[in-house]
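Student: quick one, structure for this:
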Amino acid sequence: MELNPTKGMGAAGASSAAEEIQEVVSEIARMDTPNRWRFLLDGLKGFAPKLLTIVLILLAGTLFIRMLVRVSRRLLERSKLEVTLHSFILSIFQVCLYTLLGILALTILIPDAIGWVVALMSVLGLAVSLAIQDSLSNLAGGISVLFTKPFSIGDYVDIGGSEGTVQDIRLNYTVIKTVDNKVVHVPNGDVAKAKITNFTSEPVRRLDLDFSISYQDDFALAQRLVSEIVTQHPQALDDPKPIVRMVGHGESAVVLGCRVWCATPDYWNLKFDLLEQVKGQFDRNGISIPFNRLYIRPHE
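Tutor: Presented below is the predicted three-dimensional model:
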């Protein structure tokens, strides 16, 4: 009996091939030692040309893949892609190339094997994708974030209610450090779907402040005081020009709005300074800041 590795290996012929292999093994076991070695040597002679071809293809393919990976790494280093993506892209590229090389070697050894190999890979791919669908979702989100770049490391952002400074952008999650020094890991699947507010992506920001004064107070005086404080502050920009105007009539107060631009790093310091200085000036000039009062009428 001879083993024919080139016999049809489709889905229908897989069982018959297994039966043939089992018969050959049983036949070899029943042979005496001289005949067994003779049978194995004859089989090896038949396989020798294909085995040599496969070895040469594997060696040449491995060298070619390494060369392609080196070239790809250099191209990625010159590109504008995030560095985090480089190793991921190269890993996927290598896996695909080595998989194709393995399939090529297998089809040379067993020409009809491509059909059941593709079918097997399809089934395995479906099973794996169902098992790790959440991880794949985070991975896809990470790739989307790295390509679209809604924020960078060091930006102060709000991602779906998680607010802080971006410490790291990984393939599966984004690391944020909050102002009170807590570290939050946000899955990139959620990041890709969330509303993202980037507070530091632009070099300048507008600070909006509203001050309430009594209807009985001098509005023109309050407006002038706020304007002087803003124009004299070194961190307030002259261009765009600051705006100090009435923005509303409240139930018990007139609302004085202040709109001033500043460099993004100066935002919080300017805000705190203006709040403190306006309060001091209002107190010194007799301008009151109304607050809610509760009147209790005794029951007669």
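Student: which residues of this protein fall in helices?
Tutor: Defined through DSSP state H, the helices belonging to the chain, from first to last, are 14-30, 33-78, 83-109, 114-131, 133-148, 188-193, 219-232, 267-284.
Student: tell me the mean pLDDT for the second one?
Tutor: Average pLDDT, helix 33-78: 76.
Student: worst mean pLDDT among the helices of the chain?
Tutor: Among the helices of the chain, helix 14-30 carries the lowest mean pLDDT, a mean of 59.
Student: with adjacent residues omitted, what lies nearest to residue 53?
Tutor: residue 108 (6.0 Å; C-beta to C-beta, 6 or more residues apart in numbering). From N, CA and C alone the C-beta is placed, and that goes for glycine too.
Student: distance of that neighbour relative to residue 68?
Tutor: When C-beta to C-beta, to the nearest Å is applied, the distance between residue 108 and residue 68 equals 21 Å.
Student: tell me which residues touch the residue nearest to residue 53, please.
Tutor: With contacts defined as C-beta atoms under 8 Å, 6 or more residues apart in numbering, residue 108 is in contact with 50, 53, 54, 57.
Student: hmm, the last one is touching residue 102, no?
Tutor: No: with contacts defined as C-beta atoms under 8 Å, residue 57 does not count as touching residue 102, sitting 10.4 Å away.
Student: now, of the contacts of residue 108, which are buried?
Tutor: If you count burial by 16 or more other C-beta atoms under 10 Å, the buried members of those come out as residue 54.
Student: against residue 188, how distant is the nearest residue to residue 160 once chain neighbours are set aside?
Tutor: The shortest distance from residue 160 to any non-neighbouring residue, by C-beta to C-beta, 6+ apart, is to residue 194 (3.4 Å). For residue 194, the distance to residue 188 equals 10 Å [C-beta to C-beta].
Student: comparing these two, which residue is more hemmed in?
Tutor: Per other C-beta atoms under 10 Å, whichever of residue 194 and residue 188 has more neighbours is residue 188, with 24 against 16.
Student: show the contacting residues for that one.
Tutor: Applying C-beta under 8 Å, 6+ apart, the residues near residue 188 are 138, 139, 140, 141, 142, 144, 145, 170, 171, 172, 173, 174.
Student: give the contact list for residue 289.
Tutor: 211, 212, 213, 214, 253, 279, 282.
Student: run the last query once more with 6 Å
Tutor: residue 212 (C-beta atoms under 6 Å, 6 or more residues apart in numbering).
Student: ok, what's across the strand from the closest residue to residue 184 other than its chain neighbours?
Tutor: The spatial neighbour of residue 184 that comes closest, neighbours along the chain excluded (C-beta to C-beta, 6+ apart), is residue 176 at 4.6 Å. In this structure, residue 176 bridges to residue 166, residue 184 when assessed by DSSP bridges.
Student: what about residue 176, distance to residue 53?
Tutor: Noted for residue 176: a distance of 55 Å to residue 53, by C-beta to C-beta.
Student: ok, residue 246 next?
Tutor: In this view, residue 246 and residue 53 are 88 Å apart by C-beta to C-beta.
Student: if I pick residue 152, what's in contact with it?
Tutor: With contacts defined as C-beta under 6 Å, 6+ apart, residue 152 is in contact with no residue.
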